[in-house]
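Chemist: Sequence first, predicted model second:
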Amino acid sequence: MVPYGTNGAAPASAPNGSSAPSAPAEPPARERLELLCDPGSLQLIRSAVRSHRLGAGAQPGDGVIAGTGSIAGRPVACYAQDEGFAGGSLGEAQAESILRVLRLASEARMPVVALVASAGARIQEGTAGLAGYARIFAATVALSKQVPQISVLTGYCAGGGAYAPALTDFVLMTEGSAMFLTGPAVVREACGEQVTPAELGGRGVHERNGVCHLVAPTEPEAIALAQRLLSYLPQSSSVPPPARPAIDPDLGDPGDHVPERAASVYDVRDVVRSIVDAGELLEVAPKWGRNMVTAFASLGGSPVGIVANQPRHMGGVIDVEACDKAARFIRTCDAYGLPLVVFVDTPGFMPGTKQEAGGIITRGAGLLGAFAGASVPRFTVVLRKAYGGAYIAMNAKDLGATLAFAWPGAQIGIMDARQAVRIVHRRDLAACADPEELLDALARDYARANCGAPAAAAGGFVDEVIAPAQTRARLVRAISTTSSA
């Protein structure tokens, strides 16, 4: 039986009906690992192993380069699938090599970086390929939230080749990569749809649905992005994240980026950059749930996870995607010991039949549960407004925030003051000759007494009202204090 890729090229139609990837224009598998690891640090394992099922078609390594190395001096376990051999399909020998890498990561408590491109289980090896994937899935799940696991897609991934990266903490894609459970040929046969690999599972698809966390144009850039991501993460869940340079952002007063008018939009990332070290953010899943920002940064040299409402999109309202995105990120940060810093500016949860049908109650509860269940220090800064259940869901003090701050002009309450007055004083407004003037006056009084930041501080709902310019210093001190406790 002749294996896929005997002539060094993938078949026209690979397992699971995926279209075959073109011959890689980027570095081959070993060179990818050498690019990932510090110079001279890569140590290969099982490089001579062959599949006993492929006979004369077997090749050393069985389509995967596996080993250990270091990144910025920190040990890492790694492997790279070679789509030039058998379409990157998984056979028994290749599965054993990947499992060996995962076992080494577990024993040495070090991160795993996988450079993946696989057409799925190898047809010639029958159930053995499927069994290999099952064992890899089980080992990946056993390592989950124990050591960081990052997948970088360097080609097409189908079937089990798509599930394997989806089980890891982070999925990075290159422009030409794609992942799908069943490829274009099967989709055409089963559903009558004519689709390209990119249309079916390219980076544009998975950026928007949350499967993919980060994207880079080329493999070297994706590998550099994986290295940057690891710089925020610890070796394992049992040790603290690595210290980073504490560099002032020098980007002016954070308050200058926030309009006073509650309905005016702005980019919350500008606020965050003016607070975090060197003004640097590594945003995760930026095109999924764009009304919620999740990102890695550092404050005073300590890596942190940032969660922020994004008024630039949908006014910062929280919907089902925003809930899922934030909850997933919060749990990842909690697993790896990164304090959470939350910037709040939201009018509430998205109303409507579509959101209710989409499970906003359960998804909102997931966000609440992620914050309430987190054991890392978590700090909240209310920038402009925080209303209703969304105020609670964005790490309110009474939900367990370590410290909660508010800027002087922030509004915190059950609802917007004008909405509240329309309900409470509806009869007075109906009987008034000039209801708008009365509404304005009553809203100002209601806001001052019930929604303003001073009222929230007086009631103990926030710990302190701080000037925007004080935000960085207060957060750096708070993180330093709680980290040394």
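Modeler: Happy to help now that I have it.

Chemist: Next, the distance between the ends of stretch 234-254.
Modeler: One end of stretch 234-254 to the other measures 29 Å (Cα to Cα, to the nearest Å).

Chemist: hmm, who's touching it?
Modeler: For stretch 234-254, the external contacting residues (Cβ atoms under 8 Å, 6 or more residues apart in numbering) are 74-75, 109-111, 145-148, 231-233, 271, 273-279, 298, 300-303, 335-338, 468-469, 471-472, 476, 483. Yep, even glycine has a C-beta here, placed from its N, CA and C like the rest.

Chemist: Just the buried ones from the residues you listed?
Modeler: Buried members of these, scored by 16 or more other Cβ atoms under 10 Å, are 74-75, 109-111, 147-148, 231-233, 271, 273-279, 298, 300, 302-303, 335-338, 468, 471-472, 476.

Chemist: quick one on the thing from earlier: I'd like to know which of the contacts of stretch 234-254 are part of strands.
Modeler: 74, 75, 298, 302, 303 (DSSP state E).

Chemist: Pairing partners for the second one in the sheet, please.
Modeler: So the one you mean is residue 75. Taking DSSP bridges as the rule, residue 75 bridges to residue 70.

Chemist: Can you give me every residue that contacts it?
Modeler: By Cβ under 8 Å, 6+ apart, the contact list for residue 75 reads 68, 69, 108, 110, 235.

Chemist: any idea which helix or strand carries the first one?
Modeler: Under the criterion of DSSP states H and E, residue 68 resides in strand 64-71.

Chemist: Distance from the chain centre to that strand, please.
Modeler: The chain centroid and the centroid of strand 64-71 are separated by 24 Å, computed with Cα atoms, centre = their mean, to the nearest Å.

Chemist: wait, residue 474 sits on residue 405?
Modeler: Yes: between residue 474 and residue 405 there is a contact at 6.5 Å, judged by Cβ atoms under 8 Å.

Chemist: Which one's more surrounded, the two?
Modeler: The residue with more neighbours, out of residue 474 and residue 405, is residue 405; 25 against 18, by other Cβ atoms under 10 Å.

Chemist: can you give me phi and psi for the more buried one?
Modeler: Per-residue torsions, residue 405: phi -120, psi 160 (degrees, to the nearest 10).

Chemist: surely it meets residue 467?
Modeler: No: at 10.2 Å, residue 405 does not count as touching residue 467 under the criterion of Cβ under 8 Å.

Chemist: Just the buried residues out of the contacts of residue 75, in ChimeraX syntax.
Modeler: ChimeraX command restricting the contacts of residue 75 to the buried ones, with burial defined by 16+ other Cβ under 10 Å:
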select :68,69,110,235
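
Chemist: Out of the contacts of residue 75, which comes closest to residue 392?
Modeler: Nearest to residue 392 out of the contacts of residue 75 is residue 235 (Cβ to Cβ; 34.8 Å).

Chemist: What's the first helix or strand after the helix or strand where residue 455 lies?
Modeler: Using DSSP H and E, residue 455 maps to helix 453-458. Counting by DSSP H and E, the next helix or strand C-terminal to helix 453-458 is strand 464-465.

Chemist: who does that next one pair up with?
Modeler: When DSSP bridges is applied, strand 464-465 pairs with strand 403-406 (parallel).

Chemist: Send me the strand it pairs with as PDB with only the CA atoms.
Modeler: In PDB, the C-alpha atoms belonging to strand 403-406 read as follows (Å, rounded to 0.1, in the frame of the first residue of the first chain):
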ATOM      1  CA  LEU A 403     -10.000  46.200  44.600                       C
ATOM      2  CA  ALA A 404     -12.500  48.300  42.600                       C
ATOM      3  CA  PHE A 405     -11.900  51.900  41.400                       C
ATOM      4  CA  ALA A 406     -13.900  54.400  39.600                       C
END
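
Chemist: wait, what's in contact with the residue nearest the centre of the chain?
Modeler: Centroid-nearest residue in the chain, with Cα atoms, centre = their mean: residue 284, separated by 4.2 Å. Going by Cβ under 8 Å, 6+ apart, residue 284 touches 170, 213, 214, 294, 295, 296, 329.

Chemist: and it, backbone torsions?
Modeler: phi -110, psi 130.

Chemist: now it: how far from residue 49?
Modeler: With distances taken as Cβ to Cβ, to the nearest Å, residue 284 is found 36 Å from residue 49.

Chemist: the helices in the stretch 51-200 of the chain, which residues?
Modeler: 92-108, 127-143, 160-166, 184-191, 197-201 (DSSP state H, counting those that start in this stretch).

Chemist: who wins for proximity to residue 346 among the ones you listed?
Modeler: Closest approach to residue 346 among these (Cβ to Cβ): helix 160-166, 29.4 Å.

Chemist: what comes up buried for the closest one?
Modeler: 160, 161, 162, 163, 164, 165, 166.

Chemist: Stretch 243-251 now?
Modeler: In stretch 243-251, counting by 16+ other Cβ under 10 Å, buried: 244, 249, 251.

Chemist: just for the stretch 301-450 of the chain, where's the confidence low?
Modeler: Along the stretch 301-450 of the chain, segments meeting pLDDT under 70 span 415-418, 420-421, 424-425, 439, 445, 447, 449-450.

Chemist: Break down it into its strands, ranges please.
Modeler: Using DSSP state E, counting those that start in this stretch, the strands of the stretch 301-450 of the chain run over residues 302-309, 340-346, 378-387, 403-406, 411-413.

Chemist: Including distance to residue 225, could those strands go into TSV?
Modeler: Formatted as TSV, these follow (distance: least, Cβ to Cβ, whole Å):
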stretch	distance to residue 225
strand 302-309	16
strand 340-346	22
strand 378-387	26
strand 403-406	32
strand 411-413	37
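
Chemist: For residue 358, find the nearest of these.
Modeler: Nearest of the strands of the stretch 301-450 of the chain (Cβ to Cβ): strand 340-346, 18.0 Å.

Chemist: Report the separation between the closest residue to residue 47 other than its chain neighbours and residue 320.
Modeler: Leaving out its chain neighbours, the residue that sits closest to residue 47 by Cβ to Cβ, 6 or more residues apart in numbering is residue 61, at 5.5 Å. For residue 61, the distance to residue 320 (Cβ to Cβ) stands at 44 Å.
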